[in-house]
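Colleague: Test case, fold it:
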Amino acid sequence: MPSGGRGSRFLWFIGEVGVWSVNPYQRCPFRCVYCIAGSQGEAVPWHPGELVVPELRKALEQVPQGTELFVGAVVDAYPPVEEELGLTRSVLGEFSRQGRPFCINTKSTLVCRDIDILRSHPAHCDVYLGLCSLNEEALRALEPGAPSGAERLEAIRSLKSAGVDVNVDAGPWIPGVCDVEELMSRLPNGVRVQFEPLDIRRFGRTATILGQVFTQEDINAAYEVVRARFGDVPGVRWKDAPPRI
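Modeller: Predicted coordinates:
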């Protein structure tokens with residue numbers, strides 16, 4: 001789990017970035033090889049279904065009204081078991097009842113199931129759908145438990161068509177894997193994209209990704225070249241590179 005947290009891990013304040021994260025599940029089955037959250041494994045609920053809303057109401061008493069809540073900052077909000085259990089849907093329903101602003105981070109197409117809540121929510125809500133590449137072979141190696149890139153593109157189109165404020169989280173940006181130009185050309189008009197370079201600090205001084213050995217210096221330098229080329233494109237956000245090791 002991230003350091004600097006307080007409260008239950010169902011509702012977790014991440015001090016490093018200053019956000020409240022609601023995590024209906026304890027672990028993530030997508031098994032992304034670059035994960036820095038340390039939360040991989042079988043998705044297990046923090047609370048049984050009938051207790052999710054009562055526990056959420058109690059937990060939210062410590063969060064001021066108007067504070068944006070982040071669903072899935074630590075563990076993906078839509079593991080496959082969510083289709084059966086509906087815990088994230090219960091959380092979103094309670095946010096809607098309370099008029100709480102929130103954003104969702106997921107790599108799952110299951111978020112489309114909740115379009116009815118998302119487009120009628122009385123406060124601001126954003127969906128960030130993770131998609132760092134359109135190379136299906138690379139995605140299967142990097143994110144073996146997640147839906148395909150084609151499926152995620154279709155989910156992005158569905159969310160956009162429904163009037164949901166959908167964004168693409170194109171992180172981690174990995175040299176030779178993430179094609180910025182191709183990705184942006186395949187997205188519907190008006191979908192914002194944010195890029196963030198691969199952070200290898202948990203691996204040590206070097207990391208091997210898809211058979212290529214990287215240092216943080218290598219990654220950051222290549223990222224700056226791409227940012228210089230596409231940095232002025234409207235609707236694109238470039239997050240800062242992590243420090244050198």
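Colleague: Quick check: the gap between the residue of the chain most remote from its centre and G86.
Modeller: Here the chain reaches farthest from its C-alpha mean at E50, the gap being 25.9 Å by Cα atoms, centre = their mean. Computed with Cβ to Cβ, to the nearest Å, the distance linking E50 and G86 is 11 Å. Every C-beta, even on glycine, is put in place using the N, C-alpha and C of the backbone.
Colleague: got it, and R157?
Modeller: For R157 relative to G86 (Cβ to Cβ), the value is 24 Å.
Colleague: Neighbours of S120, how many?
Modeller: 9 (other Cβ atoms under 10 Å).
Colleague: Next one, pLDDT for the nearest residue to it once chain neighbours are set aside please.
Modeller: Closest residue in space to S120, ignoring its immediate chain neighbours: S96 at 7.3 Å, by Cβ to Cβ, 6 or more residues apart in numbering. S96 carries a pLDDT score of 95 in this model.
Colleague: cool, and W46?
Modeller: 92.
Colleague: Please enumerate the helices of this structure.
Modeller: 49-60, 82-85, 87-98, 115-120, 136-142, 149-161, 180-186, 216-230 (DSSP state H).
Colleague: of the ones you listed, which approaches T109 most closely?
Modeller: T109 lies closest, by Cβ to Cβ, to one member of the helices of the chain: helix 149-161, at 4.1 Å.
Colleague: what bridges to T106?
Modeller: L129 (DSSP bridges).
Colleague: Count the residues that sit near it.
Modeller: What T106 shows, counting by other Cβ under 10 Å, is a neighbour count of 25.
Colleague: ditto for Q26
Modeller: Neighbours of Q26 using other Cβ under 10 Å come to 17.
Colleague: where's it relative to F102, distance?
Modeller: Counting by Cβ to Cβ, the gap from Q26 to F102 is 20 Å.
Colleague: And the residue nearest the centre of this protein?
Modeller: Short answer for the chain (Cα atoms, centre = their mean): N105, at 3.1 Å.
Colleague: so that residue makes contact with V111?
Modeller: No - the pair N105 / V111 is not scored as a contact, 9.9 Å apart, by Cβ atoms under 8 Å.
Colleague: Give the intersection of the neighbour lists for these two.
Modeller: Taking Cβ atoms under 8 Å, 6 or more residues apart in numbering as the criterion, N105 and V111 both touch A77.
Colleague: In contact with E94, which residues are there?
Modeller: V53, L56, R57, R100.
Colleague: give the contact list for the last one.
Modeller: To tie it back to what came earlier, the one meant is R100. So R100 contacts L60, Q65, T67, L69, E94, A123 (Cβ under 8 Å, 6+ apart).
Colleague: ok, it to G130 distance?
Modeller: As judged by Cβ to Cβ, R100 and G130 stand 23 Å apart.
Colleague: ok, back up a step: out of the contacts of R100, who's nearest R152?
Modeller: L69 (23.1 Å).
Colleague: For the residue nearest to the closest one when sequence neighbours are not counted, the count of nearby residues, please.
Modeller: Nearest residue to L69 in three dimensions, chain neighbours excluded: F102, at 4.4 Å (Cβ to Cβ, 6+ apart). Using other Cβ under 10 Å, F102 has 22 other residues around it.
Colleague: Need the per-residue pLDDT for F102.
Modeller: 96.
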